[in-house]
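**Q** sequence unknown, structure follows:
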């Protein structure tokens, strides 16, 4: 008699990438956690959760792919999976930093060179799950300036936008990234969505949620997100932080300043100061 094959639990890994609407999607998931209960287990990088160390481990591995950083990444993912509720509901794990360091972070100028290997390690570590990956892309002409502003804000990047665009001028199209991933884990395990195809109706990540099994009616019933999540700072505020990054400020103190600037952007709407002043 043939034995029945056990159906593995579905694990949908949303890799981001940065500046493609991940923050809005994650906020939307957290807002609707009660409504999603019974249909989906969402995992997002909430403060104090093991998802935060997972993102840091992926970035660390991408910047220095060693046996030690690989082991740390796998252990961080094991910690996340160990805390899952004991049921058969599909899991949606969303963390843009799983893609690794974005251009502008610690000298990175390539298009997520470590992501194929990160995806392979995720599949190996989560071998008891039916793992699939989802990635969002965004038109390069708008994505690169947005990434530059984020790198200035979060990663201490000191270059100007023209300097960043020149440093990343050789970035390939998104197809290059998805092809590299597919060669490692198989094309059937990676799905790519364009941010431009997302309806702007207060329900970010609709394409991903459909992929996870929710109907349009299910999604429409969720509480919509009010406003834009993680919006780009205005030009004056970004320029202030870029010049601040050139100083030897303690990282903790710098983080406090960034928070203050983000809350008081109206103070930076005048023309940017001349070169040589802050």
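**A** Received, thanks. All values derive from a computational prediction rather than experimental measurement. Numbers count the residues shown, from 1 in each chain.
**Q** switch to C-alpha atoms for all contacts and neighbour counts from now on
**A** OK.
**Q** any chance you could map the strands in the chain?
**A** 9-14, 41-43, 91-94, 129-137, 190-194 (DSSP state E).
**Q** relative to residue 21, which of those is closest?
**A** strand 129-137 (8.3 Å; CA to CA).
**Q** tilt between that closest one and strand 190-194?
**A** On the basis of axes from the mean of the first three to the mean of the last three CA atoms, to 10 degrees, strand 129-137 is oriented at 30 degrees to strand 190-194.
**Q** tell me where the stretch 51-200 of the chain has helices.
**A** Secondary structure of the stretch 51-200 of the chain (DSSP state H, counting those that start in this stretch): helices at 51-63, 67-82, 115-125, 140-154, 161-167, 174-185.
**Q** now render these as CSV, adding distance to residue 198.
**A** Shown next, in CSV, are the helices of the stretch 51-200 of the chain (distance: least, CA to CA, whole Å):
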stretch, distance to residue 198
helix 51-63, 25
helix 67-82, 28
helix 115-125, 24
helix 140-154, 15
helix 161-167, 26
helix 174-185, 17
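**Q** quick one: contacts for the most centrally placed residue in the chain?
**A** Centroid check for the chain by CA atoms, centre = their mean gives residue 96 as the closest residue, at 1.3 Å. Listed by CA atoms under 8 Å, 6 or more residues apart in numbering, the contact set of residue 96 reads 14-18, 22, 55.
**Q** neighbours of the spatially closest residue to it that is not a sequence neighbour, how many?
**A** Leaving out its chain neighbours, the residue that sits closest to residue 96 by CA to CA, 6 or more residues apart in numbering is residue 16, at 3.9 Å. Neighbour count for residue 16, taken as other CA atoms under 10 Å: 23.
**Q** how far away is residue 16 from residue 224?
**A** 20 Å (CA to CA, to the nearest Å).
**Q** same question for residue 24.
**A** Per CA to CA, residue 24 is found 10 Å from residue 224.
**Q** who's more crowded, the two?
**A** residue 24 (21 against 15).
**Q** need the contact list for the more buried one.
**A** By CA under 8 Å, 6+ apart, the contact set of residue 24 is 204, 225, 228-230.
**Q** just the buried ones from the residues you listed, in ChimeraX syntax?
**A** Buried subset of these, written as a ChimeraX selection, criterion 16 or more other CA atoms under 10 Å:
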select :204,225,229
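**Q** which one of the contacts of residue 24 is nearest residue 105?
**A** Nearest to residue 105 among those, with distances taken as CA to CA, is residue 230, at 17.7 Å.
**Q** leaving out chain neighbours, which residue sits closest to the closest one?
**A** residue 23 (6.3 Å).
**Q** from what I can see the one you found touches residue 229, true?
**A** Yes: shown here, residue 23 and residue 229 form a contact pair, counting by CA atoms under 8 Å, at 5.9 Å.
**Q** re earlier: nearest to residue 115, of the strands of the chain?
**A** Closest of these to residue 115 is strand 129-137, at 11.0 Å (criterion: CA to CA).
**Q** direction included, what does that closest one pair up with?
**A** According to DSSP bridges, strand 129-137 forms sheet pairs with strand 9-14 (parallel), strand 190-194 (parallel).
**Q** could you export the ones you listed as CSV, including mean neighbour count, distance to residue 135 and mean pLDDT?
**A** Shown next, in CSV, are the strands paired with strand 129-137 (neighbours: other CA atoms under 10 Å; distance: least, CA to CA, whole Å; pLDDT from 0 to 100):
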stretch, mean neighbour count, distance to residue 135, mean pLDDT
strand 9-14, 21, 6, 98
strand 190-194, 16, 5, 97
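**Q** any chance of those strands in a markdown table, plus distance to residue 106?
**A** Converted to a markdown table, the strands paired with strand 129-137 look like this (distance: least, CA to CA, whole Å):
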| stretch | distance to residue 106 |
| --- | --- |
| strand 9-14 | 23 |
| strand 190-194 | 27 |
